[in-house]
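Participant: output the structure for:
(2 chains)
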2 protein chains.
Amino acid sequence: MSQPPTITPIGTVHSCFPDKFGVPRQPSLCPHARGDVVLHPPWNNEEAFRGLENFSHIWITFLFHQIPAAHRPSTLVRPPRLGGNTRVGVFASRSPFRPNRLGLSLVRNQGLIQHNEDLRLAISEIDLVNDTPVLDIKPFLPWCDAPQSATAAWASEPPRPALGVRFSCEAEQQLQQFQGEHPELRELIREVLSQDPRPAYHQDDPQHHYALRLHQLDIHWFVADGSCVVKRLDNA
Amino acid sequence: MSQPPTITPIGTVHSCFPDKFGVPRQPSLCPHARGDVVLHPPWNNEEAFRGLENFSHIWITFLFHQIPAAHRPSTLVRPPRLGGNTRVGVFASRSPFRPNRLGLSLVRNQGLIQHNEDLRLAISEIDLVNDTPVLDIKPFLPWCDAPQSATAAWASEPPRPALGVRFSCEAEQQLQQFQGEHPELRELIREVLSQDPRPAYHQDDPQHHYALRLHQLDIHWFVADGSCVVKRLDNA
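Facilitator: Numbering: from 1, shown residues only, chains lettered A, B, ... in the order given. This is a model prediction of the structure:
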């Protein structure tokens, strides 16, 4: 290989998560988290996806574009799953702070859609922030991608939902208003907040109020008595 | 993203497959197919792999380096699994002829080893040709990488071994000679040939004799009465 290869995105993610804050830490945690891969030429061609309707799940290889290209990854990272204090090797984690900034997500295939001028691949159960550059799409092959014998010490079970989620009266009324535009908004908020997106070092501060953006809405919430309370929803 | 990102391999595969011919069409088909990822600086550091011993399987993201960088992938490909005639979309296949030439393999983690001056990650059940540039290594997380509900029409089961494998008397004697250097050579040959690596358009030509390279050996074979016969082994 004479020179380092360059990569050209085949598409860009349009996602319900405008910001990193609140994005699930792996796919599949939030079934109502939806998005589209907006396909770039020459890949905005139905032919390139012929037969993909036979596969329920697909691999998205993407770039962690919010990590600066100049960021020099360290050999050790602190996964949130281990409480944010234990350090493990960068290659023993799925941390975005890694060489080549390559991400890998298994998402549910919802099929091609035409949206105005764009051909898009609809996806769900995503953990992808808006504007993520997509480098490749591959079908999930159960027989070789899911070995029965696989073991994974501290990460063999999904993280349990950490928090119950309640809605204030104001938030309940607002959910009704947004019902037409975002019919699954309640489920999405519940799924995202139940994962407890607070940074580990905040979890002893019950007074802290947060705003987390989903679609074009700021979701205002705080934690009281081990439960997440959604106070109100604002147009951002 | 102002300019297309470049990628820098973190390591290079040292594999039992010097050539593309005979490489299994997915990992896990050949348990005795072994290799190492020879790690490049600064990733030749045990710290970067701390904790990886907890994971039985790992994802290797790699470059299909034998496809010329200038190759312009087409939207349709002909997977060998479908007989080599049916065309499907490039994103509905795992074909190496794809944009960005990115490959993805799930392999078995055999742990770090020191080999002369090199730090290497030993791997098995591989489908990687020698000298493959490795771009990333990630742990396999069963809870999010292996959904129970996944479906995959024509690729839900592994391909069955297509051919029985027999050894000539000459080959049997040679296997004994190479026993010290390659103790698993018989199993490897059997696993590789039983997948029937012949190109689809050859399968009506029983007279054809093949040489397939494993390690530094040319394995000479042909197909007779639906069985693969290993004639002899030559030092290449």
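
Participant: got the buried residues for stretch A:214-222?
Facilitator: Across stretch A:214-222, burial judged by 16 or more other C-beta atoms under 10 Å in any protein chain shown covers A:214-215, A:217-221. Bear in mind the C-beta positions are built from the backbone N, C-alpha and C, glycine included.

Participant: as a markdown table, the residues you listed with pLDDT would be great.
Facilitator: Shown next, in a markdown table, are the buried residues of stretch A:214-222 (pLDDT from 0 to 100):
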| residue | pLDDT |
| --- | --- |
| A:Leu214 | 96 |
| A:His215 | 95 |
| A:Leu217 | 96 |
| A:Asp218 | 96 |
| A:Ile219 | 97 |
| A:His220 | 97 |
| A:Trp221 | 95 |
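
Participant: got a pLDDT number for the nearest residue to A:Pro142 once chain neighbours are set aside?
Facilitator: Computed as C-beta to C-beta, 6 or more residues apart in numbering or on different chains, the closest residue to A:Pro142 that is not its neighbour in sequence is B:Ala150, at 5.1 Å. Listed pLDDT for B:Ala150 reads 81.

Participant: my guess is B:Ala150 contacts A:Ala146. True?
Facilitator: Yes: B:Ala150 lies in contact with A:Ala146 (C-beta atoms under 8 Å); the separation is 7.2 Å.

Participant: report the angle between the longest strand seen in chain A and strand B:102-115.
Facilitator: Scanning chain A for the strand with the most residues, using DSSP state E, yields strand A:102-115. Orientation check (axes from the mean of the first three to the mean of the last three C-alpha atoms, to 10 degrees): strand A:102-115 against strand B:102-115 gives 180 degrees.

Participant: any low-confidence regions in chain A?
Facilitator: Chain A contains residues with pLDDT under 70 at A:1-4, A:154-156, A:203-204.

Participant: all strands of it, in order?
Facilitator: Using DSSP E, strands in chain A cover A:11-15, A:34-39, A:57-63, A:76-77, A:88-89, A:102-115, A:118-124, A:133-139, A:164-167, A:209-214, A:217-224, A:227-235.

Participant: do the fourth one and chain B come into contact?
Facilitator: Yes: between strand A:76-77 and chain B, judged by C-beta under 8 Å from any C-beta of the partner chain, the touching residues are A:Leu76.

Participant: ok, the residue positioned nearest the centre of chain A to B:Leu119 distance?
Facilitator: Centre of chain A computed as the mean C-alpha position; nearest residue by C-alpha atoms, centre = their mean is A:Asp127, 1.2 Å away. Relative to B:Leu119, A:Asp127 is positioned 31 Å away (criterion: C-beta to C-beta, to the nearest Å).

Participant: contact partners for A:Phe91?
Facilitator: Residues in contact with A:Phe91 (C-beta atoms under 8 Å, 6 or more residues apart in numbering or on different chains) are A:98, B:43, B:48-49, B:52, B:58, B:136-139.

Participant: so what's the residue nearest to A:Pro142 up against?
Facilitator: A:56-57, A:140, A:142, A:146.

Participant: could you measure from A:Glu170 over to A:Glu53?
Facilitator: The value you get for A:Glu170 to A:Glu53, if C-beta to C-beta is used, is 43 Å.

Participant: make that A:Pro5, sorry
Facilitator: Taking C-beta to C-beta, one finds A:Pro5 at 31 Å from A:Glu53.

Participant: and what of A:Ile7?
Facilitator: Taken as C-beta to C-beta, the span from A:Ile7 to A:Glu53 is 27 Å.

Participant: with A:Ser15 instead?
Facilitator: Taken as C-beta to C-beta, the span from A:Ser15 to A:Glu53 is 22 Å.

Participant: which one's more surrounded, those two?
Facilitator: More crowded of A:Ser15 and A:Glu53, by other C-beta atoms under 10 Å in any protein chain shown: A:Ser15, with 22 against 13.

Participant: turn the strands of chain A into a markdown table, columns for distance to A:Gly180.
Facilitator: Putting the strands of chain A into a markdown table (distance: least, C-beta to C-beta, whole Å) gives the following:
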| stretch | distance to A:Gly180 |
| --- | --- |
| strand A:11-15 | 20 |
| strand A:34-39 | 16 |
| strand A:57-63 | 29 |
| strand A:76-77 | 42 |
| strand A:88-89 | 45 |
| strand A:102-115 | 18 |
| strand A:118-124 | 19 |
| strand A:133-139 | 29 |
| strand A:164-167 | 18 |
| strand A:209-214 | 16 |
| strand A:217-224 | 14 |
| strand A:227-235 | 14 |
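
Participant: hey, what's the nearest residue to A:Ile123 once chain neighbours are set aside bridged with?
Facilitator: Residue nearest to A:Ile123 in three dimensions, not counting chain neighbours: A:Val107, with 4.4 Å by C-beta to C-beta, 6+ apart. Beta bridges link A:Val107 to A:Ile58, judged by DSSP bridges.

Participant: domains of chain A?
Facilitator: The record's domain split for chain A, according to automatic domain parsing, is A:11-145, A:164-235.
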